Structures are given as C-alpha cells and as structure tokens.
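1. Need the 3D shape of this:
(one chain, ligands or ions: 1)
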Amino acid sequence: MALQRATIRLAAAVVVALLAPQLPLASAISPQGPGNGLGVTPQMGWDNWNSIACQVDEDVILDNAKKLVDLGLRDLGYKYVILDDCWSSGRSDNGTLLANTTKFPSGMAGLASQIHDMGLKWGMYSSAGKYTCAQYAGSLGFEKQDAQTFADWGVDYLKYDNCYNEGQEGTSKLSYDRYKAMSDALNATGRPIFYSMCNWGTDYPWNFASTIANSWRIAGDIYDSFDRPDPRCPCTTWDCALPGFHCSVMNILNKVASIVDKGRPGGWNDLDALEGPRQIPLIMGNDLTLMDAPSLSILSNPAILAISQDSLGTAAFRVWQKPAYSSQNNTYSADLYTAGETYFWTGRLAGGDQVIAFVNAGAQQQSLSATIDEVFVDYVTTGSSKPSVQTANTWDVYDLWANRMDDATAKTIIDGGIQSLTAPTPSNGTNTTTAAAAAYTPFNVTVTPYADAVKKNDTAVLGVKVATLMAGGSVKADVPSHGVAAFRLRSQKMIPVAGKRKRDEL
Ligand code: GAL
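-> Numbering: from 1, shown residues only. Reported below is the predicted structural model:
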C-alpha cells in the first residue's frame, strides 16, 4: 500500500537527522571524541553564517537566541547558539584575542552570560590558520592563549575552521597535529567545550579526528540547493582534494554515504548546517526571526529529532541509489543529475526498532518501495541461508511525519511564542489560538528525554501506525519531488535485541 501521508517536501534537515542516530557513553564500546564527555548525541543548535554571514552584532545574536526559546526550539534540544566568523577586532599587545566592541558592546563574556541566562549554550568560531576565512585573526600558534580566552568568556562550543593554514595540510598527520593543538588546549582549560572541526573533509578527518574532536565537517560549504551540480563544489564523493563551496544537499549526502560508520557517540560526521527555510549535527542555518510555518513544523518534529538523538548511536546507511523515473521520457534515465536520483536508507535504533527513509531527488513524485530483506539487509547477508529473526518477523510501520504540528499551529507559535498555546483566554474574550493549536502539546526534552518518550510509546516520537510489514513483504511510499518519507519500524513481539553491529569495516 502506498503511504501518502508519510511524505514531505525538501526535508533536508531530516535526512541529515536520519544519518546520525547514536549510543550511550555507558556502552561497552569506548566513546569517540576528545575526552570532554560531550557529543554523546549529535549537537543541536543554530549558527548565524548561512543566513547573515558577516552581518553579525549583539542584537542579531540575541534576537535569534530569544527565538530559540520563544519558538520552543530550545526545549526540543537546540541548545547551542554559535557566533560564526567576523566577531573580532584583532589581538591586544600581549596577543589576547579581542572582540569588536562596536558590534558586541557587552563583550563576549557579557553576551555569553545573557545566552546562559536563557538556558542556552554559547558557541564561537576561529580558524586553525593565520586568519579566519573572512580574514580576521586566526588561532594558529595561539592555541593555548585563545582556548583560555574562550574558556574565560564562558564559551561552550568552538567551531574551528581551516582557512589560511599556512600549508599545514596535505597529509592526515599534518591536519591532525594542527587540529590536535586546539583540542589539547581546550581540554587544558578544564571547561568542557564542544570541539567542532571545520576542515571541509580535507585529509579525511573521519580517519584521524575521532579522538580529538566531537565533530568534523566532511565536505565544503552547503548552500540552499537540493541537487544542483555546481563546479565550485567539484566532487560528488569525498575523495577530492578541493572541497569547495556551493555543495548541494544531495552532493553532501552522496559523500557521507560511504563513511556513515565513522560517526559514533562523542564524534560525528558533520554535513554542515541545515538548509531549512531559506530555503544541518542539527545546527540550523536560517534566520530564526524570519521563520515560516512549514519550516518550524519540520524543524520541530520530535519524531524525527528522536531518530537523530537515538541512544543506540549507530548511523543509518544507504541500501540503494537508483535513478528517478521520468514520465516525460517514460523511462529511468541513467544520468542521475538529469533525472534525479532516489535513495533507500535503513538504520538500527535502540530497543530493536529500525528507521527507514526514502529520498526522492527527482523532478516528479516517485513511488518507492523496499523489501523486508532490504530493510534488514544487515541481518540477511551474514552468510546464513536461514531467514533472520528480523525478516521472519511482523513489524508495525509508523509514519514519522504524521504527527508533526500543522502549519496553523506553527503560525500561532511564530506570532505569539510557544507560551501562547497554553495562555488563558484574555479578559476581552478574544483568543486567536486555533483549536488544533490549543490541542497541541509542545515536546520538552528536559521534561521527557527522547529515549524515555520512545520507551513510553509517546505518539509525539513514534508517529502514527500506517502499515504492517510481514515476512516476504515490502514497504512502499509515494514520495514527492525533493521529498523524504521516513518510518519507524517496531516489532509486534519481543525479539532478542541485536548486539552491536560488527564494526570490522572500520
Ligand atoms: C567557511 C566555513 C563556513 C563559515 C565560513 C566563515 O570556511 O566552512 O561554515 O564558517 O568559513 O568565514
């Protein structure tokens, strides 16, 4: 049966969410990362670069931070506010980094304190180079001094770029040494600071950064195109000496497909910020003060966020990639860029659940389907001719988009803040809140963590049951152009939870 309700347009954020589900630190497998205890699940928050680039000042940052709170996004887990490039005015005579006090009159410690008072975390940016990409002071050679300055300012997160690196790249060792210097310096401050490497995939950071960073960018800069090829982002795989910029969502997804297993608790593949409305760990890149209803609805869907923040910590992987069908030519084109491509992804979740996603980058709606053997391909390729427990089983299929808030509710929140949903009718009797909005219960991870909600079968994270998948069966979905259909599969009867996937591929 076709699952019409399971689809949504241009949910690029969501695809990325699906790529990065995770496992608790208390696992038998040692966590990755620099030893700061952070990044047990992928980071969530907001970064100003993609929307306003260098046009930063204190007001813009505070306005967006306030929106994180007012729109209910902080309570969904989006906690880091990250100030990107262009905030500095150089160094003092003794080499201390200085903030531009015209743009940031409260100073960075003052701004950090206001951010913390909102229940948020404070993120900043520098480069492992002589200059930042916008030619402000970089931290190469100043690692210890700058790390201490960041700690003194109350910084909780550092995005660390790769511009003007004085040629200290070209081998993994050169890049490792340069990025480890800041990792060590941050640790030496004693303040837990999430360390987000931004070297665009140069020298394959997923092979060397897992013990020094909490995340590493795998590609050049994303921009707001779903699939347009652009020679400024020249490569469609990560094996490329020139990462570039103007990388489309599909370009980056194609790059991550072969390295998904490198992301684990403590250290994650970073696909760059989410290209939401302005059209991604889940760092929103849009101006939150201009949020529209469909974007808020997509970004706020707890059922999808619970996949990103799943406690198992095993990334979903792509099972197949096929050209999209074109009714115009009545054919499947071999040319993925002309016809667009389609994907099927599957991944393990905590408690024996499974997540699956169909991605359609084609120009028209596609009917996509996957067999139960494809859903549980990891269990059926172990050399045994016996059916696996999973493929012999019966599964409830939950549509992860079905319970997202409707646009009218999202609009109510945008106009009056999340608190307006529960606000009493004013004394003049006018209450513009719609019935759907009044009935909507905002999800709050500080009250109910995602893992708890999943265990309690909370429909906000489970979605709506739309089908049953049985032995020999398949799951089908009609996926609109530039859309993603996503489902959680839950076994009807208790089956032994599979052990950790063998990681011999590492
Ligand atoms: C790029 C980086 C972007 C942004 C920009 C700032 O190198 O990939 O995400 O930080 O620099 O100049």
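2. On the pLDDT front, check residue 396 for me.
-> The per-residue pLDDT reported for residue 396 equals 98.
3. So which bits of the protein are right by the ligand?
-> Applying C-beta under 6 Å from any ligand atom, one finds that the chain approaches the ligand through 49, 84, 85, 132, 133, 134, 161, 163, 198, 221. Backbone N, C-alpha and C define where each C-beta goes, glycine included.
4. Out of those, which two sit at the greatest distance?
-> The widest separation within the residues of the chain next to the ligand, taken as C-beta to C-beta, falls between 132 and 221 and amounts to 14.0 Å.
5. which residues in the stretch 201-350 of the chain form strands?
-> 215-217, 268-270, 282-284, 317-323, 325-326, 331-332, 341-348 (DSSP state E, counting those that start in this stretch).
6. Can you spell out which helices and strands pack onto the fifth one?
-> Same thing as strand 325-326. strand 331-332 (3 or more C-beta pairs under 8 Å, 6 or more residues apart in numbering; DSSP states H and E).
7. so how far is residue 34 from the closest residue to residue 347 other than its chain neighbours?
-> In space, and not counting its chain neighbours, residue 347 is closest to residue 316: 2.7 Å by C-beta to C-beta, 6 or more residues apart in numbering. From residue 316 across to residue 34, the span is 25 Å (C-beta to C-beta, to the nearest Å).
8. what's the answer for residue 395, then?
-> Where residue 34 is concerned, residue 395 sits at a distance of 39 Å (C-beta to C-beta).
9. Check residue 190 too.
-> In this view, residue 190 and residue 34 are 13 Å apart by C-beta to C-beta.
10. more crowded one of these two?
-> Ranked by neighbour count (other C-beta atoms under 10 Å), residue 190 and residue 34 place residue 34 first, with 25 against 9.
11. Does the more buried one touch residue 216 like I think?
-> No: assessed by C-beta atoms under 8 Å, residue 34 is found out of contact with residue 216, at 11.5 Å.
12. ok, now which ones touch residue 192?
-> For residue 192, the contact set (C-beta atoms under 8 Å, 6 or more residues apart in numbering) comprises 36, 37, 38, 156.
13. show me what contacts residue 101?
-> 89, 107.
14. And the helices in the stretch 1-150 of the chain?
-> Ranges of helices within the stretch 1-150 of the chain are 12-19, 49-52, 58-70, 107-117, 143-153, based on DSSP state H, counting those that start in this stretch.
15. Out of those helices, which one sits most buried?
-> Counting by mean count of other C-beta atoms under 10 Å, helix 12-19 has the highest mean neighbour count of these, with a mean of 27.
16. Kindly list the longest helix within the protein.
-> Longest among the helix segments of the chain by residue count, using DSSP state H, is helix 172-188.
17. Figure out how far the helix or strand following that one is from the centre of its chain.
-> Sequence-wise, the next helix or strand downstream of helix 172-188 (DSSP states H and E) is strand 194-197. Its chain's C-alpha centre and that of strand 194-197 lie 14 Å apart, by C-alpha atoms, centre = their mean, to the nearest Å.
18. Listing partners with orientation, what would you give for strand 194-197?
-> strand 157-161 (parallel), strand 215-217 (parallel) (DSSP bridges).
19. In CSV, list the C-alpha atoms belonging to that strand.
-> What follows is strand 194-197, C-alpha atoms only, in CSV (Å, rounded to 0.1, in the frame of the first residue of the first chain):
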residue,chain,number,x,y,z
PHE,A,194,32.4,21.0,22.4
TYR,A,195,35.0,20.9,19.6
SER,A,196,33.6,21.1,16.1
MET,A,197,36.3,20.8,13.4
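20. contacts for that strand?
-> 34, 36, 38-39, 43, 80, 123, 156-160, 179, 182-183, 186, 205, 209, 212-217, 270, 281.
21. same question, stretch 408-422
-> Contact with stretch 408-422 is made by 70-72, 75, 291-294, 296-297, 300, 405, 423, 432-434, 436-438, 440, 442, as judged by C-beta under 8 Å, 6+ apart.
22. In contact with the closest residue to the ligand within the stretch 101-250 of the chain, which residues?
-> Proximity of the stretch 101-250 of the chain to the ligand (C-beta to the nearest ligand atom) peaks at residue 133, 3.2 Å away. Applying C-beta under 8 Å, 6+ apart, we find residue 133 in contact with 85, 127, 161, 163, 164.
23. tell me the phi and psi of it?
-> phi -70, psi -30 (degrees, to the nearest 10).
24. how far away is it from residue 90?
-> Distance from residue 133 to residue 90, by C-beta to C-beta: 16 Å.
25. in stretch 183-197, what's buried?
-> 183, 185, 186, 187, 189, 191, 192, 193, 194, 195, 196, 197 (16 or more other C-beta atoms under 10 Å).
26. I should have written stretch 442-461 there, sorry.
-> Result for stretch 442-461 [16+ other C-beta under 10 Å]: buried residues 442, 443, 445, 448, 449, 450, 451, 453, 454, 458, 460, 461.
27. okay, that stretch in PDB with CA atoms only?
-> Below are the C-alpha coordinates for stretch 442-461, written out as PDB (Å, rounded to 0.1, in the frame of the first residue of the first chain):
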ATOM      1  CA  PRO A 442       4.800  21.100  22.800                       C
ATOM      2  CA  PHE A 443       7.500  18.500  23.400                       C
ATOM      3  CA  ASN A 444      10.100  19.300  26.000                       C
ATOM      4  CA  VAL A 445      13.300  17.200  26.300                       C
ATOM      5  CA  THR A 446      14.100  18.500  29.800                       C
ATOM      6  CA  VAL A 447      10.800  17.000  31.000                       C
ATOM      7  CA  THR A 448      10.900  13.900  28.800                       C
ATOM      8  CA  PRO A 449      14.100  12.900  27.100                       C
ATOM      9  CA  TYR A 450      13.700  11.400  23.700                       C
ATOM     10  CA  ALA A 451      14.800   8.000  24.900                       C
ATOM     11  CA  ASP A 452      12.200   8.000  27.600                       C
ATOM     12  CA  ALA A 453       9.400   9.100  25.300                       C
ATOM     13  CA  VAL A 454      10.300   6.300  22.900                       C
ATOM     14  CA  LYS A 455      10.200   3.700  25.700                       C
ATOM     15  CA  LYS A 456       6.800   5.100  26.800                       C
ATOM     16  CA  ASN A 457       5.400   4.800  23.300                       C
ATOM     17  CA  ASP A 458       4.700   8.600  23.200                       C
ATOM     18  CA  THR A 459       3.000   9.200  19.900                       C
ATOM     19  CA  ALA A 460       4.900  12.500  19.600                       C
ATOM     20  CA  VAL A 461       8.100  10.500  18.900                       C
END
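28. Run the chain-centre distance for that stretch.
-> 19 Å.
29. who touches it?
-> The contact list for stretch 442-461 (C-beta under 8 Å, 6+ apart) reads 72, 75-77, 300, 302-303, 305-306, 309-311, 349-351, 353, 403, 418, 421, 441, 462.
30. Filter the residues you listed down to the buried ones, ChimeraX style.
-> Selecting the buried subset of these in ChimeraX, with 16+ other C-beta under 10 Å as the burial test, is done by:
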select :72,75,76,77,300,302,303,305,306,309,310,311,349,350,353,403,418,421,462
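31. before we move on, back to that, looking at the residues of the chain next to the ligand, which one is closest to residue 369?
-> For these, the residue nearest residue 369 by C-beta to C-beta is residue 221; the value is 34.7 Å.
32. Tell me, how many residues neighbour the closest one?
-> So residue 221, with other C-beta under 10 Å, has 20 neighbours.
33. follow-up on the earlier one: derive a ChimeraX selection command for the buried subset of the contacts of stretch 408-422.
-> Selection of buried members from the contacts of stretch 408-422 for ChimeraX, criterion 16+ other C-beta under 10 Å:
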select :70,71,72,75,291,293,294,296,297,300,405,433,437,440,442
